[in-house]
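*Asks:* with the input below, show me the fold.
(chains A and B)
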2 protein chains.
Amino acid sequence: MSDQLSATFAALADPTRRAILARLSTGEVSVSDLAEPFDMTLPAVTKHLNVLERAGLIARGRDAQWRPCRLQAAPLKEASSWIETYRQHWEQRLDRLEAYLQELQAKEAHPQAKVKPTARKKK
Amino acid sequence: MSDQLSATFAALADPTRRAILARLSTGEVSVSDLAEPFDMTLPAVTKHLNVLERAGLIARGRDAQWRPCRLQAAPLKEASSWIETYRQHWEQRLDRLEAYLQELQAKEAHPQAKVKPTARKKK
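*Replies:* Residues are numbered from 1 along each chain as shown, chains lettered A, B, ... in the order given. Take a look at the predicted model:
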């Protein structure tokens, strides 16, 4: 994966890796402490940590005995900016769904009411 | 990929798929028109579209002759919410970098000034 944005999104595309980042958001954690809640072998967790480290989302201490991992959130800024450019699209869609729901509720409250041909303007 | 968030991030982890979404953000586009700027074969583009469709990021019309693709931005809302929970982390880091830069500039402007011990305190 050559580009940073692809590496970031690929690293986030796994529930275990997202859980590791969530855990690290509270502070530094050793690899063995990280592995504990996941019911995974240490090599399996290490594999996930390697993906996160290559994407620049975590850094690992150099102490051979206790190699604490810590969150590096900088790559998430670019990922957030990319997604935010689509915000108007999902908000527009929610607005349309809400308008439709209100229309249905209005019909239910007044089933006899004629639906006004709003498109036809009175002269 | 069982969970929606993983499927969304995996779909975004490719520059061609992100470019397809960017193109669709301006409106519906046929598959052949989508393929054109990418210098890719139609099957290669179709493969990317299948990934995007499975993630719920696009929908395709049922007209066999002209199957227009359109953006479905709803899954991006959840992805954005997830990333936003880390905003304070990348902003804190940028704040610290900025503070460090200002400290360096201050030292350069007044090389004789004593550095207060509090400024050197490690977080």
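*Asks:* which intervals of chain A have sub-threshold pLDDT?
*Replies:* Applying pLDDT under 70 to chain A flags the ranges A:1-2, A:64-65, A:112-123.
*Asks:* with only the CA atoms kept, save the longest helix along it in PDB.
*Replies:* Longest helix in chain A, counting residues (DSSP state H): helix A:87-109. Output of helix A:87-109 as PDB, limited to C-alpha atoms (Å, rounded to 0.1, in the frame of the first residue of the first chain):
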ATOM      1  CA  ARG A  87     -20.900  15.100   4.900                       C
ATOM      2  CA  GLN A  88     -23.400  17.100   2.800                       C
ATOM      3  CA  HIS A  89     -24.300  13.900   1.000                       C
ATOM      4  CA  TRP A  90     -25.200  11.900   4.000                       C
ATOM      5  CA  GLU A  91     -26.900  14.900   5.700                       C
ATOM      6  CA  GLN A  92     -29.000  15.600   2.600                       C
ATOM      7  CA  ARG A  93     -30.100  12.000   2.600                       C
ATOM      8  CA  LEU A  94     -31.100  12.100   6.200                       C
ATOM      9  CA  ASP A  95     -33.000  15.300   5.600                       C
ATOM     10  CA  ARG A  96     -35.000  13.700   2.800                       C
ATOM     11  CA  LEU A  97     -35.800  10.600   4.900                       C
ATOM     12  CA  GLU A  98     -37.000  12.900   7.700                       C
ATOM     13  CA  ALA A  99     -39.200  14.900   5.300                       C
ATOM     14  CA  TYR A 100     -40.700  11.700   4.000                       C
ATOM     15  CA  LEU A 101     -41.400  10.400   7.500                       C
ATOM     16  CA  GLN A 102     -43.100  13.600   8.500                       C
ATOM     17  CA  GLU A 103     -45.300  13.300   5.300                       C
ATOM     18  CA  LEU A 104     -46.300   9.800   6.200                       C
ATOM     19  CA  GLN A 105     -47.100  10.800   9.800                       C
ATOM     20  CA  ALA A 106     -49.200  13.700   8.600                       C
ATOM     21  CA  LYS A 107     -51.200  11.400   6.300                       C
ATOM     22  CA  GLU A 108     -51.800   9.000   9.200                       C
ATOM     23  CA  ALA A 109     -53.000  11.800  11.500                       C
END
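*Asks:* ranges for the helices of chain A?
*Replies:* Using DSSP H, helices in chain A cover A:4-12, A:15-24, A:31-35, A:42-54, A:74-84, A:87-109.
*Asks:* residues of chain A that sit close to chain B?
*Replies:* A:1, A:3, A:5-7, A:9-10, A:12-15, A:18, A:21, A:25, A:71-74, A:76-77, A:79-80, A:82-87, A:89-90, A:93-94 (Cβ under 8 Å from any Cβ of the partner chain). (Glycine included, C-beta is placed from N, CA and C.)
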